[in-house]
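**Student:** I need the structure of the sequence given here:
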Amino acid sequence: MICADRRHLVRTLADLAAQQGIELQTLLNRALHKEAGHPAPVSSPGARTQLFDGEQIDAYLTGRPVPPLRSEDDDQEHEDDDLLDRREAAAVLGVVPDSWRVYKPDPLLTEHMVTVGGVEHWPRGIVHRYRDTRPGRTASTGRPTGSGDQVPRDELLPRTAPLLDADPAVTATAVVDQLGVTRSTAQHALTRLRADRIADLMGERPELRPDEAAAALGYPAALVRRATVRGVTVLRARAAAPYLADVAAAVHRAGWTTTEAAPDVQLPADDHVVAVLVLDADQAPAPALVWDEGAGWRTATSRRHPLARGAAVPPECDGIRYLATSTTPPPPALVAALTA
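**Tutor:** The predicted structure is shown next:
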């Protein structure tokens, strides 16, 4: 499996060969990746394409101790975001790997499928959800098939917050027991709440690192790796809010929105800030504007679904145009670029 927070570290055998300055065939002929002490692949045993963890590879090649990876048996807050290949996903369903092709066309699985190192993967939580809700199956929690969460979405954070107040070390399992929600829902709620509180404390005490703020709040390190990342992102989102409000005002003055509402700021991957400004006036030059903290402003082709899947940065094409040359152009410059 690929641990949730390590997708960016994944390397293929070709990457390993290039890192060592040799051809891939040379690496294979010498079986360098099978030498004693070499890090094991993160792909499942028997996988056709072997994938490795870059941090482990770097340590091995420089003679340093190879850091351990979180195992599948470890109970961690972010385990639902671990990525499973077809063999691991098939094992969750209790079927042979070749049978996975029968199940993977399901819309829930295709929507969340990602390719890493040329290999298809699915988040563990999504595979579990599919297993627990597909026809003929019942959820492992004992809830009726398809019953879903027992708490409305808009009540989730308010009802989870008191549990976190009472016990800063509360686990997703405890939230599941108390509220009757799925484990992934409980994990997401705890991550959001902890991240916001980490950001609040860092705003009050800028000298604190994210891990120090988490510790000061009583959050166990093993439960807040995603929350500390998200906390820093929340601070960036808050810092961008005045600029985004100025853009909203400028676009409204141009007559492209019916209200001066600030853009809808989102953190789709915990470590990235995007914002959506729907242009709902009839004469608007585009259905919506999207701001990406790394790529700047672009037009979108849909008011209802302005973001690409996973908030990916799409290439320019019909209806998608990148505006201005900086990520935070002055609002008048953005308006001018939009009308050009």
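
**Student:** let me see the mean pLDDT of the host helix or strand of residue 240.
**Tutor:** Assigned by DSSP states H and E, residue 240 falls within helix 225-253. Averaged across helix 225-253, the pLDDT comes to 93.

**Student:** name the residues of it that are buried.
**Tutor:** The neighbour-count check on helix 225-253 (16 or more other C-beta atoms under 10 Å) flags 225-235, 237, 240, 243-244, 246-248, 250-252 as buried. No exception for glycine: its C-beta is placed from N, CA and C like everyone else's.

**Student:** ok, now stretch 170-190?
**Tutor:** Quick answer for stretch 170-190 (16+ other C-beta under 10 Å): 170-172, 175-176, 179-190.

**Student:** again, but for stretch 288-300
**Tutor:** Quick answer for stretch 288-300 (16+ other C-beta under 10 Å): 288-292, 296-300.

**Student:** is it correct that residue 247 is in contact with residue 276?
**Tutor:** No - proximity of residue 247 to residue 276 does not meet the contact threshold set by C-beta atoms under 8 Å, at 11.7 Å.

**Student:** residues shared between the contacts of those two?
**Tutor:** When contacts are counted by C-beta atoms under 8 Å, 6 or more residues apart in numbering, residue 247 and residue 276 are jointly contacted by 263, 289, 291.

**Student:** pop the domain breakdown of the protein in here.
**Tutor:** Annotated domains of the chain cover 1-71+84-140, 153-223, 234-339 [automatic domain parsing].

**Student:** neighbours around the residue lying closest to residue 64 once chain neighbours are set aside, how many?
**Tutor:** With sequence-adjacent residues excluded and distances taken as C-beta to C-beta, 6 or more residues apart in numbering, residue 64 is closest to residue 58, at 8.0 Å. Neighbourhood size, residue 58 [other C-beta atoms under 10 Å]: 16.

**Student:** assign residue 58 to helix, strand or coil.
**Tutor:** Recorded secondary structure, residue 58: helix (DSSP: H, G, I helix; E, B strand; the rest coil).

**Student:** where does this structure have low pLDDT?
**Tutor:** 71-78, 134-150, 308-312 (pLDDT under 70).

**Student:** if you set the cut-off to 50 instead, what comes out?
**Tutor:** Along the chain, the model assigns pLDDT under 50 to residues 73-75, 136-147.

**Student:** any idea which residue sits dead centre in it?
**Tutor:** By C-alpha atoms, centre = their mean, the chain has its centre lying nearest to residue 269, at 3.2 Å.

**Student:** quick check: that one vs residue 314, distance?
**Tutor:** Separation of residue 269 from residue 314 (C-beta to C-beta, to the nearest Å): 15 Å.

**Student:** returning to that earlier point: in helices only, show me the buried residues of stretch 170-190.
**Tutor:** 172, 175-176, 179, 183-190 (DSSP state H).

**Student:** closest to residue 210 among those?
**Tutor:** Ranked by distance to residue 210 (C-beta to C-beta), those are led by residue 190 at 15.8 Å.

**Student:** wouldn't that closest one be in contact with residue 175 here?
**Tutor:** Yes - between residue 190 and residue 175 there is a contact at 6.5 Å, judged by C-beta under 8 Å.

**Student:** phi, psi for residue 298 please.
**Tutor:** Main-chain torsions, residue 298, degrees, to the nearest 10: phi -150, psi 160.

**Student:** quick one, what contacts the residue nearest to it when sequence neighbours are not counted?
**Tutor:** Using C-beta to C-beta, 6+ apart and skipping the chain neighbours, the partner closest in space to residue 298 is residue 322 (4.8 Å). Residues counted as contacts of residue 322 (C-beta under 8 Å, 6+ apart) are 295-298, 316.

**Student:** repeat that with 10 Å
**Tutor:** 290, 292, 295-299, 313-316, 337 (C-beta atoms under 10 Å, 6 or more residues apart in numbering).

**Student:** how about those residues in TSV, adding distance to residue 24?
**Tutor:** Formatted as TSV, the contacts of residue 322 follow (distance: C-beta to C-beta, whole Å):
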residue	distance to residue 24
290	39
292	35
295	33
296	37
297	41
298	37
299	41
313	30
314	31
315	29
316	34
337	45
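
**Student:** inside helices: which ones of the residues you listed?
**Tutor:** The members of those that map onto helices under DSSP H are residue 337.

**Student:** which of the contacts of residue 322 lies closest to residue 210?
**Tutor:** residue 292 (22.4 Å).

**Student:** wait, that closest one touches residue 269, no?
**Tutor:** No - Residue 292 is beyond contact range of residue 269, at 11.5 Å (criterion: C-beta atoms under 10 Å).

**Student:** please flag which of the contacts of residue 322 sit within strands.
**Tutor:** Counted as lying in strands by DSSP state E, out of these, are 290, 292, 296-299.

**Student:** include distance to residue 37 when you put those residues into CSV, please.
**Tutor:** As requested, the ones in strands among the contacts of residue 322 are arranged in CSV below (distance: C-beta to C-beta, whole Å):
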residue, distance to residue 37
290, 47
292, 42
296, 45
297, 49
298, 47
299, 52
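
**Student:** before we move on, back to that, out of the ones in helices among the buried residues of stretch 170-190, who's nearest residue 94?
**Tutor:** For these, the nearest to residue 94 is residue 183 (19.0 Å; C-beta to C-beta).
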